[in-house]
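Trainee: With the input below, show me the fold.
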Amino acid sequence: MRTITLICAFFCFTSAVIAQDCSKYFPMDEGTKFQVTVYDKKDKVSGIMDYVVKEVNGNTATMFYEMHDEKGKMMTSSEYGVTCTDDGVKIDFSSMMSPELLGQYKDMEVEMSGTDLLYPNNISAGQSLPDADVLMTVKMPPLNMKMNMNFFNRKVGGNESVTTPAGTFDCYVISYDSEAKMGFKMTSSNKLWLSEGYGMIKSETYNKKGDLVGKSVLTSFEK
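Mentor: Numbering: from 1, shown residues only. Down below sits the predicted model:
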């Protein structure tokens, strides 16, 4: 459960980082650094993700990230590619997540595929966003284990001001539902706050009863 929660947080924040000339909402200046802290339902730190824009070449950027657990121990680090299109952002699923993120599967072959989690170039209140899915296959001969994540009912709400350790930001609120299958099924409803020039500021995940089960917060940002 904890692993899936961290993976969900990773996908939400990772897919919301695209080039400045692709969308006004996501900074992508080379050398930009930002940190995201993941909290559990008791508001205790469960993970920390540090990102840096390593290189920008035309409409393609290379992102580097490190993920640490609540005690500061390194869990994984890797790079992934992001490409801007006329519609928004296209993520290289095959490179965006290293196998070490899954701990016990780090010595096994992992394949990624899916439909891009798209944030359009222009976002407005009341807008519906396209669904997305991610399929991860862990090869364990003679069997393969699959994890499938679906993101649906994605809608843009109104504006809210959000304050985090990184500052105070004017945001659009985006709501969506998600479903993760990995031997068992976990469904949740989610909200995220998106700010012009900074990207994702905060996200929250709720269970079927509407109780908060975890959140991710932008805790530092440097250009």
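Trainee: going forward, measure contacts and count neighbours with C-alpha atoms only.
Mentor: Will do.
Trainee: ok, Lys44 to Asp69 distance?
Mentor: 12 Å (C-alpha to C-alpha, to the nearest Å).
Trainee: When those two are compared, which one has more neighbours?
Mentor: Taking other C-alpha atoms under 10 Å, Lys44 and Asp69 do not tie; Asp69 has more neighbours (17 against 12).
Trainee: Just give the nearest non-adjacent residue to that one, would you?
Mentor: Gly47 (4.4 Å; C-alpha to C-alpha, 6 or more residues apart in numbering).
Trainee: in this protein, which spans are strands?
Mentor: With DSSP state E, the ranges of strands along the chain come out as 33-40, 45-57, 60-69, 74-84, 89-91, 109-115, 128-129, 132-140, 143-164, 167-181, 185-195, 199-206, 212-222.
Trainee: what's the angle from the fourth one to strand 60-69?
Mentor: Angle, strand 74-84 to strand 60-69, by axes from the mean of the first three to the mean of the last three C-alpha atoms, to 10 degrees: 160 degrees.
Trainee: and strand 74-84, average pLDDT?
Mentor: Per-residue pLDDT over strand 74-84 has a mean of 78.
Trainee: same thing with the second one?
Mentor: Averaged across strand 45-57, the pLDDT comes to 89.
Trainee: ok, back up a step: count the residues that sit near the residue nearest to Asp69.
Mentor: Neighbours of Gly47 under the rule other C-alpha under 10 Å: 24.
Trainee: can you pull the contacts of it?
Mentor: Contact analysis of Gly47 by C-alpha atoms under 8 Å, 6 or more residues apart in numbering lists 6, 37-39, 67-70.
Trainee: For Ser178, see how far away Lys146 is.
Mentor: In terms of C-alpha to C-alpha, Lys146 sits 17 Å off from Ser178.
Trainee: Which of the strands of the chain has the lowest mean pLDDT?
Mentor: Looking at the strands of the chain, the weakest mean confidence is strand 89-91, a mean of 64.
Trainee: What pLDDT does the model give Met182?
Mentor: So Met182 comes in at 77 (pLDDT).
Trainee: which residue packs closest to it, ignoring adjacent ones?
Mentor: Nearest to Met182 is Met147, by C-alpha to C-alpha, 6+ apart, at 4.6 Å.
Trainee: Lys139 is in contact with the one you found, correct?
Mentor: No. Look at Met147 against Lys139 with C-alpha atoms under 8 Å: they stay out of range, at 11.4 Å.
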